[in-house]
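Asks: need a 3D model of the sequence below.
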Amino acid sequence: MGHCISAFLGYSETIDALGEKWEQKPVRLSGGLSMLFLTDVLFDRLAKEYAGEAGGVNEGFDYLTGAVLAALGESSLGGKLAYFETDYFGGTGTQASIFFENGAQKFPAAVTEDGYGVPPVPTEERALNKVLREFGLSKAEGKIDEWDSAGLGEFRRMPRHMPRHLPYNDDDDHDAQES
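Replies: Residues are numbered from 1 along each chain as shown. The predicted model follows:
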């Protein structure tokens with residue numbers, strides 16, 4: 001089973017405001033958090049909106065460009081906002097995350113590799129778990145880690161385009177219940 005997502009992550013009120021601004025439908029997670037998929041349409045929109053921002057894709061990421069970084073910085077003014085990417089299949093793959101607070105990157109971007117002959121990374125050191133803790137999320141009883149507590153495992157892939165006027169539910173193109 002795979003997991004391939006690129007998304008902005010934050011408190012629901014922050015993500016709701018970005019969804020309205022960028023005409024995308026937020027996805028609710030646990031712990032008062034939501035995510036906003038970086039769809040092809042949103043990626044193109046940010047590339048145009050922040051066209052003057054230099055920089056190619058950051059190491060460990062597929063879509064974290066200068067335009068996406070500029071959007072993170074601007075959109076995190078007065079709060080917290082993260083961006084993450086996952087790319088897994090059969091337990092092998094990567095997750096990468098970056099966290100902004102009050103317009104500035106709070107710590108270096110993190111990348112976790114699984115498989116590829118590297119030793120397992122403890123759950124508390126995994127890229128996305130670090131970011132989820134910054135939002136106050138902790139491992140819930142009976143859950144594996146913060147990722148599991150947030151409900152991120154329910155979303156295996158994302159739609160290419162998900163405008164805000166379309167309903168988002170388990171029948172949409174995201175394989176929430178893929179087995």
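Asks: am I right that H3 falls within a helix?
Replies: No: using DSSP: H, G, I helix; E, B strand; the rest coil, the assignment for H3 is strand, not a helix.
Asks: need the contact list for Q95.
Replies: 84-88, 111-112, 114, 126-128 (C-beta atoms under 8 Å, 6 or more residues apart in numbering). C-beta: built from backbone N, CA, C; applies to glycine.
Asks: can you check the pLDDT for it?
Replies: pLDDT for Q95: 89.
Asks: so how far is T112 from it?
Replies: In this view, Q95 and T112 are 5 Å apart by C-beta to C-beta, to the nearest Å.
Asks: what's the answer for K80, then?
Replies: For K80 relative to T112 (C-beta to C-beta), the value is 20 Å.
Asks: and G79, by the same measure?
Replies: 25 Å.
Asks: out of these two, name the residue with the larger neighbour count.
Replies: T112 (21 against 15; other C-beta atoms under 10 Å).
Asks: I'd like the distance from the lowest-mean-pLDDT helix or strand in the chain to the chain centre, please.
Replies: Scoring the helices and strands of the chain by mean pLDDT, DSSP states H and E places helix 146-150 at the bottom, with a mean of 82. Chain-centre distance of helix 146-150: 13 Å, with C-alpha atoms, centre = their mean, to the nearest Å.
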